[in-house]
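Visitor: Next come a sequence and a model predicted from it.
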Amino acid sequence: YEGIMDESDKPSDGLFYCVLGAVSAIVFSTLGAAYGTAKSAVGISAMAIKHPQLIMKAIIPVVMAGIIAIYGLVIAVLLAGSLKKSLSSFKGYLNLSAGLAVGISGMAAGIAIGVVGEAGVRASAQQPKLFVSVILILIFAEVLGLYGLIVAIYLFTK
């Protein structure tokens, strides 16, 4: 860049990685949430044919899948808010790692919620005693996304 740009105009790798982290956080966590919502909705639709009175009880997996997207949104907003004209490569790598941590764990949690939600809604409609067990399994699936959020916040604050 010598002779073409002065020092303040040089592109920052850190800035690129920070933006990539923000995009990764929202895209991957939203993909997981969308899959979890769609898969659970299939189970709810099938269950509602014979047991329409259980629809409100069966909506829990859809709500839990939506929360996964909120985790990604929080980190994406934090990362976007930390953007400055000059960002060190180290900070950029940390921000990329934070975005990937929450995004990929959110995608995994969304997939788990979708699979458990679909099967669990159908099963608990046929055997109501399974409802508490299904909720516990859904909580363990949701916590996978929360772990990613915790790691992402920790990386962001470094």
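Guide: It's in.

Visitor: elements contacting the helix or strand where residue 94 lies?
Guide: Element membership for residue 94 (DSSP states H and E) is helix 89-126. In this structure, helix 89-126 makes packing contacts with helix 13-50, helix 55-58, helix 60-81, helix 131-156, judged by 3 or more C-beta pairs under 8 Å, 6 or more residues apart in numbering; DSSP states H and E. Where C-beta positions appear, they are placed from N, C-alpha and C, glycine not excepted.

Visitor: could you give the mean pLDDT of that helix?
Guide: In this model, helix 89-126 has a mean pLDDT of 94.

Visitor: Low-confidence regions, this structure specifically.
Guide: Counting by pLDDT under 70, the ranges of the chain that qualify are 1-11.

Visitor: Output the helices and strands packed on helix 89-126 as a markdown table; include the columns distance to residue 89 and mean neighbour count.
Guide: Listed next are the helices and strands packed on helix 89-126 as a markdown table, based on distance: least, C-beta to C-beta, whole Å; neighbours: other C-beta atoms under 10 Å:
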| stretch | distance to residue 89 | mean neighbour count |
| --- | --- | --- |
| helix 13-50 | 5 | 21 |
| helix 55-58 | 48 | 15 |
| helix 60-81 | 15 | 22 |
| helix 131-156 | 15 | 18 |
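
Visitor: right, and those helices - which one's nearest residue 106?
Guide: Closest approach to residue 106 among those (C-beta to C-beta): helix 13-50, 3.1 Å.

Visitor: and the angle from the closest one to helix 60-81?
Guide: 170 degrees (axes from the mean of the first three to the mean of the last three C-alpha atoms, to 10 degrees).

Visitor: chain center to helix 13-50: distance?
Guide: Relative to its chain's centre, helix 13-50 lies at 6 Å (C-alpha atoms, centre = their mean, to the nearest Å).

Visitor: which ones are touching the residue lying closest to residue 59 once chain neighbours are set aside?
Guide: By the measure of C-beta to C-beta, 6 or more residues apart in numbering, the closest residue to residue 59 outside its immediate chain neighbours is residue 44, 6.9 Å from it. Residues near residue 44 by C-beta atoms under 8 Å, 6 or more residues apart in numbering: 55, 58-59, 61-62, 121.

Visitor: For residue 44, give its distance to residue 91.
Guide: Residue 44 sits 43 Å away from residue 91, going by C-beta to C-beta, to the nearest Å.

Visitor: same check, this time on residue 100
Guide: Taking C-beta to C-beta, one finds residue 100 at 15 Å from residue 91.
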